[in-house]
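Chemist: Make a model of this:
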Amino acid sequence: MNPAVDRARRRTAGEVLRRIDGDMAARLHHCAEGGDGVAGGQLHWLDREWDTDRTIVAEAASVGLVGLALGVWVQPRWLLLPALAGAGLLVHATTGRYPLMPLLRRLGVRTAREIERERYAVKALRGDFALVPDAASQPADRGASPAASRRADE
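Modeler: Down below sits the predicted model:
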């Protein structure tokens, strides 16, 4: 995957990226050896995995609600927490940076693209794309496509 395409990968330390990618490679190796049952379980697990954006939203909402409750029932200065959480979300929405992103990445939280890349690889290992015809396997007697026929008529 090209790190320039994924903002979170571009801003993640190299050692963390190597660990995340290495873990994914190990899971794919396990799927390749385990067959369809392992691949199906892995796909089920990938469908439930939280990506960075979902984790950030849940973290900010939790901090905001806790700060709001503490500010109302304990001491008003706790209302600073929801303000900080909102500011963090605003920075993330406008720049793609989030103050806790390095921590989340070190904990192994992956981007949606990383999860989708693994899902695609597991499906390929399982053989889900084996029935997709390629251009070389098309019968020669099918005739030209409608677009090619129009160009030939002109």
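Chemist: what about the protein, any weak spots by pLDDT?
Modeler: Counting by pLDDT under 70, the ranges of the chain that qualify are 1-5, 132-154.
Chemist: Residue 83: what's it in contact with?
Modeler: Residue 83 makes contact with residue 67, according to Cβ atoms under 8 Å, 6 or more residues apart in numbering. To be clear about C-beta, it is placed using only N, CA and C from the backbone, and glycine gets the same treatment.
Chemist: and if we set it to 10 Å?
Modeler: With contact set as Cβ atoms under 10 Å, 6 or more residues apart in numbering, residue 83 has these partners: 64, 67, 71.
Chemist: tell me the phi and psi of it?
Modeler: Torsion angles at residue 83 (phi, psi; degrees, to the nearest 10) stand at phi -70, psi -40.
Chemist: Check the gap between it and residue 107 for me.
Modeler: For residue 83, the distance to residue 107 (Cβ to Cβ, to the nearest Å) stands at 25 Å.
Chemist: which SS class is residue 129?
Modeler: Assigned with DSSP: H, G, I helix; E, B strand; the rest coil, residue 129 falls in the coil class.
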